[in-house]
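>>> next input, structure requested:
(one chain, ligands or ions: 2)
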Amino acid sequence: MMAGPTHHALARPEFDDGPKILIVVAPYYKDIADGLVAGAMAEIEAAGGSYEVTEMPGALELPTAIGIAARMGEYDGFVALGCVIRGETTHYDTVCNDSSRGLTLLGLQGLCIGNGILTVENYEQAAVRADPDGQNKGGGAAAAALHLVALSRRLGRKDKGLGFTADRLGEG
Ligand SMILES: Nc1c(NC[C@H](O)[C@H](O)[C@H](O)CO)[nH]c(=O)[nH]c1=O
Ligand SMILES: CC(=O)[C@@H](O)COP(=O)(O)O
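Ligands and ions are numbered 1, 2, ... in the order given. All right, here's what the predicted structure looks like:
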């Protein structure tokens with residue numbers, strides 16, 4: 001499947017040694033999640049990378065899942081995929097803000113993360129953005145992670161993120 005555009009002007013990064021990416025997806029809306037994952041897979045494959053996919057109940061769990069996985073030191077980058085649709089209460093704001101902020105805080109600790117969590121008003125808005133042949137937000141999130149991995153490698157980084165392992169968690 002040829003994925004659609006990734007909505008940025010950057011050329012796809014090239015790797016001598018393809019990065020290993022963990023796709024963490026919240027299939028709260030299964031069809032939407034499937035489109036996002038398909039777009040992300042296509043983008044990672046086009047860059048010569050490999051991927052694994054793991055599922056979490058909802059978008060709120062995605063930052064924690066990445067934080068747990070990052071401590072294994074096995075993945076070069078991460079793609080968070082999900083869909084949050086506004087309901088009747090303010091829970092929408094919590095899910096959107098806390099999932100996004102969690103990913104940003106992990107990124108500021110050095111993890112290479114692409115954020116493909118859709119935050120929309122209705123299913124129709126999500127469908128257009130999840131479609132790999134449409135706005136391909138899953139592919140865009142994967143591209144973001146790949147660019148961060150390329151930067152890390154270009155700058156000679158050796159570790160794979162967070163800079164600490166489980167045995168150091170008890171420190172301080
Ligand atoms: N309403 C949506 C949620 N809500 C669930 C939360 O993400 C979380 O799993 C729960 O609060 C337990 O911690 N999640 C989505 O991904 N999308 C939604 O629209
Ligand atoms: C984004 C949400 O958490 C939302 O779907 C939950 O719906 P509601 O606010 O009507 O409980």
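
>>> which pLDDT value belongs to the residue in the chain that ligand 1 sits nearest to?
For the chain and ligand 1, the shortest gap (CB to the nearest ligand atom) falls at residue 58, measuring 2.2 Å. The C-beta positions use only the backbone N, C-alpha and C, and glycine is treated the same way. Here the pLDDT value assigned to residue 58 is 98.

>>> what's the host helix or strand of residue 143 packed up against?
Residue 143 belongs to helix 137-154 when assigned by DSSP states H and E. Judged by 3 or more CB pairs under 8 Å, 6 or more residues apart in numbering; DSSP states H and E, helix 137-154 is in contact with strand 20-25, helix 30-46, strand 77-85, strand 113-120, helix 123-130.

>>> go through these and name the closest to residue 14.
helix 30-46 (10.5 Å; CB to CB).

>>> got the CA coordinates for the closest one in CSV?
In CSV, the C-alpha atoms belonging to helix 30-46 read as follows (Å, rounded to 0.1, in the frame of the first residue of the first chain):
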residue,chain,number,x,y,z
LYS,A,30,-10.2,0.0,16.0
ASP,A,31,-10.6,1.1,12.4
ILE,A,32,-8.9,4.4,13.1
ALA,A,33,-6.1,2.7,14.8
ASP,A,34,-5.6,0.2,12.0
GLY,A,35,-5.2,3.1,9.5
LEU,A,36,-2.7,4.9,11.7
VAL,A,37,-0.7,1.7,12.2
ALA,A,38,-0.7,0.9,8.4
GLY,A,39,0.6,4.4,7.6
ALA,A,40,3.3,4.1,10.3
MET,A,41,4.4,0.7,9.1
ALA,A,42,4.7,1.8,5.5
GLU,A,43,6.8,4.8,6.5
ILE,A,44,9.2,2.8,8.7
GLU,A,45,9.6,0.2,6.0
ALA,A,46,10.3,2.8,3.3
